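Enquirer: Predicted model, plus sequence, below.
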Amino acid sequence: MRLSAAFLLMSAAAAFSLPAQAQQAVNVRGVITAFDGKTIEIKANDGKAVEVILPEGVNVAATKAFSLAEVKPGMMLGVTTVVRDDKVVAIDVRPLPPVVKPGLSPYDLQPQSTMTNAVLEASASAANGNELTLDYKTGTVKVLVPPGTPMSQAVPGTRADLKAGETIYVAAREEGGKLTAVRVQVSKDGVKPTQ
């Protein structure tokens with residue numbers, strides 16, 4: 001339990017406090033084609049070949065299934081949303097460590113998507129799924145979670161999980177034309193990162 005808590009704290013710190021210098025934050029999503037212990041080669045979702053340097057100090061997260069049955073009031077969630085038919089609809093839901101700062105910001109998972117890091121106030125059944133009421137500190141939002149919405153959670157992994165054919169999500173910083181990983185989450189046992 002201590003390992004898991006420490007891992008989540010380190011992952012949160014890395015993911016949500018990128019240096020604000022001349023570096024640019026970049027998210028890479030795709031499938032691993034090779035890993036030599038230092039550089040992850042990825043076929044990105046847009047078809048491009050991408051190389052990301054993995055520093056020794058960056059932990060690797062694996063992925064575990066997560067469901068609405070595990071969602072409880074007071075839990076910190078990361079929910080990516082889009083607006084459809086005047087409703088805020090979830091396209092990704094995952095639990096976050098309590099240390100993550102709440103907030104609402106644009107995100108790149110889909111065009112016009114938004115990331116909400118928030119505390120769950122309430123969950124209720126709705127006509128087309130479940131409705132979550134999320135408090136992101138400066139406001140609240142009601143989000144519809146349709147059946148089949150991708151959901152997953154990060155759990156401690158190792159570099160041995162970085163195998164060709166696995167799906168990967170990398171939060172990286174770009175500097176001097178090179179990408180360096182800040183946070184890495186990889187699929188495991190068929191469960192893919194949803195972010």
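Expert: Received, thanks. From a predicted model like this one, the values you see are computed outputs, not experimental measurements.
Enquirer: pLDDT weak spots in the chain?
Expert: 1-22 (pLDDT under 70).
Enquirer: quick check: domain ranges of it?
Expert: 2-64+153-186, 67-150 (automatic domain parsing).
Enquirer: what's the spacing between G47 and R29?
Expert: Distance, G47 to R29, by Cβ to Cβ, to the nearest Å: 12 Å. Backbone N, C-alpha and C define where each C-beta goes, glycine included.
Enquirer: Please say which of those two ends up with more neighbours.
Expert: R29 (18 against 7; other Cβ atoms under 10 Å).
Enquirer: Next up, the contacts around T114.
Expert: By Cβ atoms under 8 Å, 6 or more residues apart in numbering, the contact set of T114 is T80, T81, V82, L104, S105, P106, Y107.
Enquirer: A62 too?
Expert: A154, V155, P156, G157, T158, D161, Q185, V186, S187, K188.
Enquirer: So what's the residue count around the last one?
Expert: Meaning K188. So K188, with other Cβ under 10 Å, has 19 neighbours.
Enquirer: Can you tell me how far it is from D85?
Expert: Distance from K188 to D85, by Cβ to Cβ: 35 Å.
Enquirer: now swap in the fourth one and tell me
Expert: Applying Cβ to Cβ, one obtains 38 Å for the distance of G157 from D85.
Enquirer: Neighbour count for those two, which is higher?
Expert: G157 (20 against 6).
Enquirer: Next one: the closest residue to that one other than its chain neighbours from V186, what distance?
Expert: Once flanking residues are discounted, G157 sits nearest to A62: 3.2 Å by Cβ to Cβ, 6 or more residues apart in numbering. According to Cβ to Cβ, A62 stands 6 Å off from V186.
Enquirer: joint contacts of those two?
Expert: Joint contacts of A62 and V186 (Cβ under 8 Å, 6+ apart) are G157, D161.
Enquirer: Show me where this structure has its strands.
Expert: Secondary structure of the chain (DSSP state E): strands located at 24-35, 39-44, 49-53, 60-65, 76-84, 87-95, 103-107, 113-126, 129-135, 140-145, 152-156, 167-175, 178-186.
Enquirer: Now stretch 152-159 - C-alpha only, CSV.
Expert: Taking C-alpha atoms only, stretch 152-159 is exported to CSV below (Å, rounded to 0.1, in the frame of the first residue of the first chain):
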residue,chain,number,x,y,z
SER,A,152,-9.1,3.1,-16.4
GLN,A,153,-6.7,3.7,-13.5
ALA,A,154,-3.0,3.9,-13.2
VAL,A,155,-1.2,1.4,-11.0
PRO,A,156,2.5,0.9,-10.4
GLY,A,157,4.3,-0.7,-13.3
THR,A,158,7.9,-1.3,-14.4
ARG,A,159,10.0,-0.8,-17.5
